[in-house]
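*Asks:* Coordinates for the following, if possible.
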Amino acid sequence: MFGKNLILNEQTLNTIEEIGHHMPGGFFIYKAAGNEELIYANVATIRMFGCDTLDEFKSLTGYTFRGMLHPDDYEQVVGSVNDQIRTNDDKNDHVEYRIIRKDGSIRWIDDYGHYTETENYGGIYYVFISDITDRHEQKDKMITALASDYRSVYHVDLDENDAVCYRADPDDHEQHPEGVHFPYLEYFTRYAENSVDEKYRDDFLNFINPDTIRDKLSNNNIIAYRYLVRRNEKEYYEMIRMAGVRHARDREDHIVHAIGLGLTDIDTDMREAMNKNNALSEALTAAEEANKAKTAFLSNMSHEIRTPMNAIIGLDNLALGKNNLDDETRNYLEKIGVNAKHLLELINDILDMSRIESGRMILKNEKFSFSDMLVQINDMVLAQCKDKGLTYNYKVFGNFSDHYTGDVTKLKQVLVNILSNAIKFTDAPGEVNLLVERTNVYENKSTLRFVITDTGIGMSEEFIPKLFDTFTQENSNRNNKYGSTGLGMAIAKNIVELMNGTIKVESKKNVGTRFTVTVTLTNYIGDSRDTNSTDPTKITNSVKISVTAEKKRASLKGRHILLAEDVLINAEIIKELLKTKESIIDHAENGRIALDMFKQSKPYYYDAVLMDIRMPEMDGLEACENIRALDRPDAKTVPIIAMTANAFDEDVQHSLQVGMNAHLSKPVDIDILSKTLEELIWEACQG
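*Replies:* Numbering: from 1, shown residues only. Alright, predicted model coming up:
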């Protein structure tokens, strides 16, 4: 009936009126050409306009489509209808507009139309309308409340690729007017291509893609994207925000079908945030530079303090080595040595604490032998307990991996610090105990617990909360008697926390103290020899026979050693100390001279090189690299030992990275120096 042969006569009109009478909403037909004259309007349409009769309706509207619309909406609606019909193969359109009723009131109309060609009337529109004023006012109130921060707000039907503007920006003459439907994706794609800065364009296009929207809104209530806009010779930051009309989780199919979309100008906030970020970045850069300066200062201070300390302790040791000392002089020298070592301990603690506070202490993540670490600790503790007349008890529970990954130096520092304090604050005939157990294994991690107890003087309950504060001792008398620096426990606690571990203390005055250190280490995954568990009895037995685990050593008698040292007093001390081993020492005053002396020597003439780091003309690191690069058979194998006042972890790493075999910190301990030389020379001779 509504085909191209449509003719309105008495028969067809009766049929149309019968259909129109039963329709829940309005229905009318009008010509597309000319003045858009109406061909038919049903009773519901007439009543929507507040009219009782067709004549009243004709008088009010002129019986034209143009006359039905609010004058301010006509151009926009017609433009939208024409655009939709032109781009829609089904020739359907959807618009919303206002009408003015007979009593002057304004109502909102929802309009679904279909265009077709007829032989008798030319192009015509069949239109179904409904009054959506109440719904529109509710939306309008909601949008007004929600859109106060948005320059424009849209409703988008993702399934139909249909959008309508509910709140338009009065200053934007390029956007679609309010109430006019338009193809969503095409419009916002054009907006991206014409207005969004190229840097942000691809991400914007991806953001507005319906599939992306559905995916993101399946897990989020609101999504947003910030970007730079360049239009009308202006540049500003804008944000697009979207929210599902209904949350995906509230729908049976869990898919978002329609969204609310808002555009808002965030230029002021964005630029303020960028300025703050720039300020923060500059502040961070300044802080990093300050940290670097502080690190350099600490390194310099460490070097400058250790250099004279090396002379003091070295000369004191040389003096104590004389056989013709009277008792009074020997007593003075021994006290100088004790106090010099105490000063060195204080210097080390201050430097460690400074690095912790500045965030410059970094943990290594290296493979280490767990049994070797315990042997070293037990050797030291046994000797100290024996000297003081204390009993040392050591127990191990559970199996352990042969090797773990972590920072063995720092872990050993914590345990030695606590054990040394236990020895220091326990008088004979007391006892010190170390219990080691593996409490948990999960995947490739092992949780280890170290419990250290003593029968010493203990601490009061009031002091325990202050134990880990810097420079704290319970009373000055104890400090005078036992020589505490007040930094060791603070350093131990910080190191344990860097390891994501815990340290707890229980103590009772004049009864004793119990420390519990718990850390989690990574099990080392190496060859099959490294995956076995260590029998605890082997570790326990190694306390008594640890000497069997020591490396083989070569004699230093008659060995030619090249010493690179720019401070003459330090060079004299090393030469005198090594003379007791009957070694032959050649002294170079800087790295360049040391390099030249090595070049001019016959291959394998020098059995080892002792290399200071900070020297004029050429430092020790560069000298070592140059020696290793020489085209001679001993260049790669000669032991080179860093012997320097640079004592930080990164200093050790730098030494090893350039090819040195070991790194010894000043003041030099002659026993450690001798042992290191003997072991490295023996190894070099085997190659």
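*Asks:* what's the weakest-modelled helix or strand in the protein?
*Replies:* helix 536-545 (a mean of 44; mean pLDDT, DSSP states H and E).
*Asks:* Mind listing residues that contact the helix or strand just after it?
*Replies:* Downstream of helix 536-545, the first helix or strand assigned by DSSP states H and E is strand 560-564. Identification of contacts with strand 560-564 by CB atoms under 8 Å, 6 or more residues apart in numbering yields 571, 574-575, 578, 583-588, 590-591, 593-594, 597-598, 605-612, 615, 620, 623, 677. (Each C-beta comes from the backbone N, C-alpha and C, glycine too.)
*Asks:* can you pull the buried residues of stretch 26-37?
*Replies:* Using 16 or more other CB atoms under 10 Å as the test for burial, stretch 26-37 gives 26, 27, 28, 29, 30, 31, 32, 36.
*Asks:* Stretch 458-470 now?
*Replies:* 458, 459, 467, 468, 470.
*Asks:* What separation do you get for the residue lying closest to residue 171 once chain neighbours are set aside and residue 129?
*Replies:* Leaving aside its sequence neighbours, residue 171 sits nearest to residue 151 (CB to CB, 6 or more residues apart in numbering; 7.9 Å). For residue 151, the distance to residue 129 equals 30 Å [CB to CB, to the nearest Å].
*Asks:* Comparing those two, which residue is more hemmed in?
*Replies:* Using other CB atoms under 10 Å, the more surrounded residue of residue 151 and residue 129 is residue 129, with 25 against 17.
*Asks:* is it true that the more buried one touches residue 28?
*Replies:* Yes - the pair residue 129 / residue 28 is scored as a contact, 7.4 Å apart, by CB atoms under 8 Å.
*Asks:* Can you check which residues contact both of those two?
*Replies:* Common contact partners of residue 129 and residue 28 (CB under 8 Å, 6+ apart): residue 45.
*Asks:* what's stretch 188-195 in contact with?
*Replies:* 201, 204, 205, 208, 229, 230, 231.
*Asks:* Show me the one in those that has more neighbours than the rest.
*Replies:* Most crowded among the contacts of stretch 188-195, counting by other CB under 10 Å, is residue 204 at 24 neighbours.
*Asks:* Residue 225 is in contact with that one, correct?
*Replies:* Yes - counting by CB under 8 Å, residue 204 touches residue 225, with 6.4 Å between them.
*Asks:* what is in contact with the two at once?
*Replies:* residue 240.
*Asks:* Helix, strand, or coil at residue 510?
*Replies:* coil (DSSP: H, G, I helix; E, B strand; the rest coil).
*Asks:* neighbours of it, just the number please.
*Replies:* Residue 510: 9 neighbours (other CB under 10 Å).
*Asks:* any idea how far the nearest residue to it once chain neighbours are set aside lies from residue 430?
*Replies:* Nearest non-adjacent residue to residue 510, counting by CB to CB, 6+ apart: residue 458, 5.7 Å away. As judged by CB to CB, residue 458 and residue 430 stand 11 Å apart.
*Asks:* cool, and residue 78?
*Replies:* Distance, residue 78 to residue 430, by CB to CB: 102 Å.
*Asks:* okay, the two: which has more neighbours?
*Replies:* Each of residue 78 and residue 430 has its neighbours counted (other CB under 10 Å); residue 430 has more, 19 against 16.
*Asks:* Mind pulling up the pLDDT for that one?
*Replies:* Note on residue 430: pLDDT of 92.
*Asks:* just residue 183 next, same as before
*Replies:* Per-residue confidence (pLDDT) for residue 183: 92.
*Asks:* And residue 602, by the same measure?
*Replies:* Residue 602 is given a pLDDT of 95.
*Asks:* same thing with residue 661?
*Replies:* Reported pLDDT for residue 661: 91.
*Asks:* Can you give me the neighbour number for it?
*Replies:* 20.
*Asks:* Quick check, it in contact with residue 640.
*Replies:* Yes - between residue 661 and residue 640 a contact is recorded at 5.9 Å, counting by CB under 8 Å.
*Asks:* so which helix or strand takes in residue 134?
*Replies:* Residue 134 belongs to helix 133-146 when elements are defined using DSSP H and E.
*Asks:* Which SSE is immediately downstream of that helix?
*Replies:* For helix 133-146, the following helix or strand on the C-terminal side (DSSP H and E) is strand 152-157.
*Asks:* avg pLDDT for the helix or strand that comes right after that next one?
*Replies:* Once strand 152-157 ends, the next helix or strand along the chain (criterion: DSSP H and E) is strand 162-167. Strand 162-167 comes out with an average pLDDT of 86.
*Asks:* again, but for stretch 383-392
*Replies:* 90.
*Asks:* do stretch 275-295 as well
*Replies:* Mean pLDDT, computed over stretch 275-295, is 77.
*Asks:* same thing with stretch 317-328?
*Replies:* 85.
*Asks:* got the buried residues for that stretch?
*Replies:* In terms of neighbour count (16+ other CB under 10 Å), stretch 317-328 has its buried residues at 317, 318.
*Asks:* could you check the distance from the nearest residue to residue 487 once chain neighbours are set aside over to residue 492?
*Replies:* Closest residue to residue 487 apart from its sequence neighbours, by CB to CB, 6+ apart: residue 349 at 3.8 Å. Here residue 349 is placed at a distance of 10 Å from residue 492 (CB to CB).
*Asks:* Next secondary structure after the helix or strand that contains residue 622?
*Replies:* According to DSSP H and E, residue 622 maps onto helix 620-628. Sequence-wise, the next helix or strand downstream of helix 620-628 (DSSP H and E) is strand 640-644.
*Asks:* CA-only coordinates of that following strand, as PDB, when you get a sec.
*Replies:* Extracted C-alpha coordinates of strand 640-644, given in PDB (Å, rounded to 0.1, in the frame of the first residue of the first chain):
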ATOM      1  CA  ILE A 640      96.500  -7.500  40.300                       C
ATOM      2  CA  ILE A 641      95.100  -6.500  43.700                       C
ATOM      3  CA  ALA A 642      93.400  -3.200  44.400                       C
ATOM      4  CA  MET A 643      94.700  -1.800  47.600                       C
ATOM      5  CA  THR A 644      92.900   1.500  48.200                       C
END
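*Asks:* Now do it: distance to the chain's middle.
*Replies:* 36 Å (CA atoms, centre = their mean, to the nearest Å).
*Asks:* same question, stretch 87-95
*Replies:* Per CA atoms, centre = their mean, the centroid offset for stretch 87-95 relative to its chain is 52 Å.
*Asks:* For it, which outside residues touch it?
*Replies:* Residues outside stretch 87-95 that contact it (CB under 8 Å, 6+ apart): 77, 80-81, 84-85, 110-116, 162, 179-181, 183.
*Asks:* Grab the longest helix from this protein for me.
*Replies:* Secondary structure assigned by DSSP state H gives helix 267-320 as the longest helix of the chain.
*Asks:* ok and that one relative to strand 640-644, angle-wise?
*Replies:* 100 degrees (axes from the mean of the first three to the mean of the last three CA atoms, to 10 degrees).
*Asks:* Are there helices or strands packed against helix 267-320, and which ones?
*Replies:* strand 234-244, helix 327-357, helix 568-579 (3 or more CB pairs under 8 Å, 6 or more residues apart in numbering; DSSP states H and E).
*Asks:* In stretch 153-170, which residues are buried?
*Replies:* Buried-residue list, stretch 153-170, by 16+ other CB under 10 Å: 153-158, 162-168.
*Asks:* Quick check: the residue nearest to residue 510 touching residue 513?
*Replies:* Yes - in this structure, residue 458 is within contact of residue 513 by CB under 8 Å, at 5.5 Å.
*Asks:* Now do the shared contacts for those two.
*Replies:* residue 507.
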